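Chemist: Based on what follows, work out the 3D shape:
(2 chains)
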2 protein chains.
Amino acid sequence: MRIILCGFGVVAQSLAELFESRKDELYSKYGLKPRLLAVFDSKGSAVNPSGLNFKKLVEIKKEFGSVKNYSEKNNNMTGIEILKNIDADVLIETTASNYKDAEPGMTHITTAMKKGMHVISVNKGPLALAFPSLMELATYNQVMFKFSGTVGGGTPILDYAKNSLSGEKITSFAGILNGTTNYILSNMTTGLSFEEALKDAKDKGYVEADEALDLDGLDAAAKLVILANWIMGMKVTMPDILCTGIRKVTIKDIKKAEANNSVLKLIASCDKELTVSPKEISKNDPLGVNGTLNAIAFTSEHSGTQTIIGKGAGGTETASSILRDLLDIRQEIAKN
Amino acid sequence: MRIILCGFGVVAQSLAELFESRKDELYSKYGLKPRLLAVFDSKGSAVNPSGLNFKKLVEIKKEFGSVKNYSEKNNNMTGIEILKNIDADVLIETTASNYKDAEPGMTHITTAMKKGMHVISVNKGPLALAFPSLMELATYNQVMFKFSGTVGGGTPILDYAKNSLSGEKITSFAGILNGTTNYILSNMTTGLSFEEALKDAKDKGYVEADEALDLDGLDAAAKLVILANWIMGMKVTMPDILCTGIRKVTIKDIKKAEANNSVLKLIASCDKELTVSPKEISKNDPLGVNGTLNAIAFTSEHSGTQTIIGKGAGGTETASSILRDLLDIRQEIAKN
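Modeler: Coordinates of the predicted model:
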């Protein structure tokens, strides 16, 4: 399978490492032989039509901070140049999420789809701003569009709701979809102020470079958009979400929840409305998980309420979800 | 789809009600038209080659305590006679679980498979005592064998581990697989003795007619056998489980757990060994759910630990899992 990889941050590097360490198993068990034709980051590119060496790529990135130093040939190609000039089967889009114009991910994805490439995205920006039209574009170009890693990292939340509950109608859901804000709110229950808890989360590397993505609820809202479209069949984008972040949460709010035998969590919910806002969750509710965990509760017509809990982020975890998407695509292609 | 239904207890009645209430949707959305040729309970049978009326069946059962009164014709056929003489596509086995010889479910299932019928079982007995050989029999006779409802009731635990985590290796798992014992242990944290908590659970109708199935951990052990075979590829049966129930749990044990910031739960686990026994679970662990809830945590090689929580029983919930199995079979048949 010929692959172009956009972005080479933590998740993409973990993916390269998984490709390397699981090479034999992926081929013997699933018939998957990933051949990485090109990869690029913000500083440059690495290209080899016979396939790049996964191990060398990661080493070069760690040593020089860019894949540009992989080779002296074709090391200045932009993403668009690569996508326009190199034929591949699958684009894996891992550049950073951006909720203003979703670039550069949006252009990568649309360019690839128009060229007939299947797309796997862990970049939430394009989906948050244009889910309905991206699905249409994929259908029109008869390509598969997968994005398991956008919600829940390595925890297969989207697949669970879509496939394990097939034949069942999900009527509503609510969840903690952002681990960073959960970590901050959990820590505030020990008496830390918002600022102190935020500082601790930053020290641990949990906060996005643009902290607004976490603190103002944009990351959670983006995931809510994806869930609402994919699971509930809604045609919505970011502006449809009523979004309140956690910047104004005080120790007093935390204590008030405690007095109600509850915990305060940033909850993304889809019921009559699509909202992201701090809400009190009963301590007896499985949804009220602590630390950086994510959790989501699906309520269905006949099977009751079911909660899934897992790490919502992490390089290897998210990379493993990309791999699942790739295996799905491999299997679908094999059918035809 | 021609169906024979063994047993007509709570789950089977809920299934008949789902068939009735979702009739139009099942046909329009999935092309499924369930035609129930025969059903029997411990007192007698109802048979109609053109299909029994779902609503009438439930009404008759509620009024007379048996489906025998549905019609004066063929109302004394035994399960074996029905299975031998009536051709159907699918057997749905819902008679009570029995961990001594797994009868009468075992004979129902093997007879149906030998006749080339697909089988859906929510009866755990045959799987607990003979999972490996039943899978072989199904393969040999080229029939599908589904049992989603045996673990987790309406919560699709088996499907999640098998499908949503495909391409991932589950290395171990641990869970609360019996809601009744969880209810009793949860109630003991409020100061009730084991006997008091057991009485309350009985009053609420949560305890099996044979209380040993719950209290001695047999129900949890049966589910562990099914998970170990289906998810981990082990070839094990009930005697392979090291099983301790909750009869000896005292308030002192509950208080000791509390002092360790933990809760005492009956945990079924698959790690180096297959065990069912009371264990302390940290209050911060998502696994430590209360009431009648079930919970299971799967630890995988690359995607971390993921916990699924839901009601583990209930007529409609378990019936909805039978329906999912039936839709799977419908879909597989349509492919060929």
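
Chemist: contacts and neighbour counts: CA atoms only from here.
Modeler: Fine.

Chemist: Give the burial count for A:D203, as a bare number.
Modeler: Counted by other Cα atoms under 10 Å in any protein chain shown, the residues lying close to A:D203 total 10.

Chemist: Please report how far it lies from A:E196.
Modeler: For A:D203, the distance to A:E196 equals 11 Å [Cα to Cα, to the nearest Å].

Chemist: do the same with A:G217
Modeler: Distance from A:G217 to A:E196, counting by Cα to Cα: 19 Å.

Chemist: For the residue lying farthest from the centre of chain A, give its distance to A:T250.
Modeler: The centre of chain A is farthest from one residue, A:A259, which by Cα atoms, centre = their mean lies 35.0 Å away. As judged by Cα to Cα, A:A259 and A:T250 stand 15 Å apart.

Chemist: coming back round to it: neighbour-wise, which of A:G217 and A:E196 wins?
Modeler: Shown here are A:G217 and A:E196; by other Cα under 10 Å, A:G217 has more neighbours (27 against 14).

Chemist: Who are the contact partners of the more buried one?
Modeler: By Cα atoms under 8 Å, 6 or more residues apart in numbering or on different chains, the residues touching A:G217 are A:243-246, A:266, A:276-277.

Chemist: The residues you listed in strands, which ones?
Modeler: Counting by DSSP state E, the members of those that fall within strands are A:243, A:266, A:276-277.

Chemist: Put together TSV for these, with neighbour count and pLDDT on each row.
Modeler: Output for these, formatted as TSV (neighbours: other Cα atoms under 10 Å in any protein chain shown; pLDDT from 0 to 100):
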residue	neighbour count	pLDDT
A:C243	18	97
A:L266	25	98
A:V276	29	98
A:S277	20	98
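
Chemist: from these, which single one is nearest chain B?
Modeler: A:L266 (17.6 Å; Cα to the nearest Cα).

Chemist: Low-confidence ranges, the stretch 51-200 of chain A, go.
Modeler: By pLDDT under 70, the stretch 51-200 of chain A has no low-scoring segment.

Chemist: That one: helices as residue ranges?
Modeler: All helices of the stretch 51-200 of chain A, identified by DSSP state H, counting those that start in this stretch, fall at A:54-64, A:79-85, A:105-114, A:125-140, A:157-159, A:179-188, A:194-203.

Chemist: ranking those by burial, who's on top?
Modeler: Ranked by mean neighbour count, the helices of the stretch 51-200 of chain A are led by helix A:179-188 with a mean of 25 (mean count of other Cα atoms under 10 Å in any protein chain shown).

Chemist: Can you give the distance of that one from its chain's centre?
Modeler: From the chain centre to the centre of helix A:179-188 is a distance of 19 Å (Cα atoms, centre = their mean, to the nearest Å).

Chemist: Which strands and helices lie in contact with that helix?
Modeler: helix A:194-203, helix A:212-215, strand A:262-270, strand A:293-300 (3 or more Cα pairs under 8 Å, 6 or more residues apart in numbering or on different chains; DSSP states H and E).

Chemist: can you rerun that using 10 Å?
Modeler: helix A:194-203, helix A:212-215, helix A:218-232, helix A:251-259, strand A:262-270, strand A:293-300 (3 or more Cα pairs under 10 Å, 6 or more residues apart in numbering or on different chains; DSSP states H and E).

Chemist: Let me know which of the ones you listed is the nearest to chain B.
Modeler: Of these, nearest to chain B by Cα to the nearest Cα is strand A:293-300, at 8.8 Å.

Chemist: Would you mind getting the angle between the closest one and helix A:179-188?
Modeler: 110 degrees (axes from the mean of the first three to the mean of the last three Cα atoms, to 10 degrees).

Chemist: Strand A:293-300 and chain B, any residue contact?
Modeler: Yes - interface with chain B: strand A:293-300 contributes A:293-298, A:300 (Cα under 10 Å from any Cα of the partner chain).

Chemist: Looking at those residues, state which has the most neighbours.
Modeler: A:A295 (30 neighbours).

Chemist: which residue packs closest to that residue, ignoring adjacent ones?
Modeler: In this structure, A:A295 finds its nearest non-sequential neighbour in A:I309, 4.3 Å apart by Cα to Cα, 6 or more residues apart in numbering or on different chains.

Chemist: Verify the assumption that the one you found is located in a strand.
Modeler: Yes - judged by DSSP: H, G, I helix; E, B strand; the rest coil, A:I309 forms part of a strand.

Chemist: neighbours around A:G205, how many?
Modeler: Around A:G205 there are 11 residues (other Cα under 10 Å).

Chemist: got the contact list for it?
Modeler: A:180, A:199 (Cα atoms under 10 Å, 6 or more residues apart in numbering or on different chains).

Chemist: what kind of secondary structure is it in?
Modeler: Per three-state DSSP, A:G205 ends up coil.

Chemist: how close does it sit to A:I309?
Modeler: For A:G205, the distance to A:I309 - Cα to Cα - is 22 Å.

Chemist: coming back round to it: the residue farthest from the centre of chain A: what's it in contact with?
Modeler: Contacts of A:A259 by Cα under 10 Å, 6+ apart are A:D253.

Chemist: mind checking pLDDT for it?
Modeler: pLDDT, A:A259: 97.

Chemist: how much space between it and A:K283?
Modeler: 11 Å.

Chemist: One more: A:K124?
Modeler: 31 Å.

Chemist: Looking at the two, which has the bigger crowd around it?
Modeler: The residue with more neighbours, out of A:K124 and A:K283, is A:K124; 28 against 16, by other Cα under 10 Å.

Chemist: Just to check, the more buried one is in contact with A:I226?
Modeler: Yes - A:K124 is within contact range of A:I226, at 8.2 Å (criterion: Cα atoms under 10 Å).

Chemist: residues shared between the contacts of these two?
Modeler: A:131, A:147, A:150-151.

Chemist: If you drop the residues flanking it in sequence, what lies closest to A:L129?
Modeler: A:T237 (5.3 Å).

Chemist: quick one: contacts for that neighbour?
Modeler: A:126-132, A:221-222, A:224-226, A:228-229.

Chemist: same check, this time on A:D214
Modeler: A:178-182, A:206-208, A:220-221, A:245-247.

Chemist: how does chain A divide into domains?
Modeler: A:2-154+A:315-335, A:157-311 (automatic domain parsing).

Chemist: give me every residue that touches A:M238.
Modeler: So A:M238 contacts A:99, A:125, A:127-131, A:218, A:221-226, A:274 (Cα under 10 Å, 6+ apart).

Chemist: Relative to A:N75, which of these is nearest.
Modeler: A:G125 (26.4 Å; Cα to Cα).

Chemist: I'd guessed the closest one sits against A:A222; true?
Modeler: Yes - assessed by Cα under 10 Å, A:G125 is found in contact with A:A222 at 7.3 Å.

Chemist: Next to chain B, which bits of the stretch 151-300 of chain A? Give me the list.
Modeler: So the stretch 151-300 of chain A meets chain B at A:153-168, A:284-291, A:293-298, A:300 (Cα under 10 Å from any Cα).

Chemist: burial measure for A:S28, as a count.
Modeler: 10.

Chemist: ditto for A:E258
Modeler: Neighbour tally, A:E258, other Cα under 10 Å: 17.

Chemist: shouldn't it be in contact with A:E280?
Modeler: Yes - judged on Cα under 10 Å, A:E258 makes contact with A:E280 at a distance of 9.0 Å.

Chemist: where do the contact lists of those two overlap?
Modeler: A:L264.

Chemist: Helix, strand, or coil at the closest residue to A:F54 other than its chain neighbours?
Modeler: Among residues not flanking A:F54 along the chain, A:A16 sits closest, at 5.2 Å (Cα to Cα, 6+ apart). Of the three states, A:A16 takes helix under three-state DSSP.

Chemist: hey, what's the nearest residue to A:I170 once chain neighbours are set aside bridged with?
Modeler: Distance criterion Cα to Cα, 6+ apart; nearest residue to A:I170, sequence neighbours excluded, is A:S300 at 4.1 Å. A:S300 forms beta bridges with A:I170, A:G304, as assigned by DSSP bridges.
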